[in-house]
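**Student:** got a predicted model here, sequence first, then my questions.
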Amino acid sequence: MMVVDTDVLIDYLADQGAGAERVARELQIGGLHTTSITRFELLAGARSERQQRTIIDLLSALWTLPLDAAAADRAARVRRDLEAQGAPIGMADSLIAGIVLANDGLLITRNRAHFERVAGLKLARG
């Protein structure tokens, strides 16, 4: 299962970069996922009614994976492990990682600096 991160969806909305092309291809095939955290980040960042409508249209074409109990537990473990190593990532990234791990997904992201630290998380370039 492919799960697309916030940064790559922003690229898609701005029609920039390789990530935008990949999202466009995957949307045609169907089955592309995102997380409830990314959904929140995109909608919270909308600066106009037009942007909000565009984001809602995009999100309606994606499956949204929830932050359920299993994902929250995995996210907490990610956060504790990285803090113990002295290499923490942000709360939102910890939650995204937990959701992707709990769903055995492949995360499409440009934010490799953070997500490469997460043990067992499968990544693809966005």
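**Tutor:** That came in fine, so what should we check first?

**Student:** gap between Arg125 and Ser94?
**Tutor:** Applying CB to CB, to the nearest Å, the value for Arg125 to Ser94 is 21 Å. Every residue, glycine included, has its C-beta placed from N, CA and C.

**Student:** neighbour count for the two, which is higher?
**Tutor:** Between Arg125 and Ser94, counted using other CB atoms under 10 Å, the more crowded position is Ser94 (24 against 11).

**Student:** quick check: which element contains the more buried one?
**Tutor:** Here Ser94, judged by DSSP states H and E, is contained in helix 91-102.

**Student:** could you do Leu9 as well?
**Tutor:** Here Leu9 is assigned to helix 6-14, by DSSP H and E.

**Student:** what mean pLDDT does that helix get?
**Tutor:** Helix 6-14 shows a mean pLDDT of 94.

**Student:** how about that helix as PDB, C-alpha atoms only?
**Tutor:** Output of helix 6-14 as PDB, limited to C-alpha atoms (Å, rounded to 0.1, in the frame of the first residue of the first chain):
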ATOM      1  CA  THR A   6       2.100  16.000   3.100                       C
ATOM      2  CA  ASP A   7       5.200  17.400   1.200                       C
ATOM      3  CA  VAL A   8       4.500  15.300  -1.900                       C
ATOM      4  CA  LEU A   9       0.800  16.200  -2.000                       C
ATOM      5  CA  ILE A  10       1.800  19.900  -1.700                       C
ATOM      6  CA  ASP A  11       4.100  19.400  -4.700                       C
ATOM      7  CA  TYR A  12       1.200  17.800  -6.500                       C
ATOM      8  CA  LEU A  13      -1.100  20.700  -5.700                       C
ATOM      9  CA  ALA A  14       1.600  23.100  -6.900                       C
END
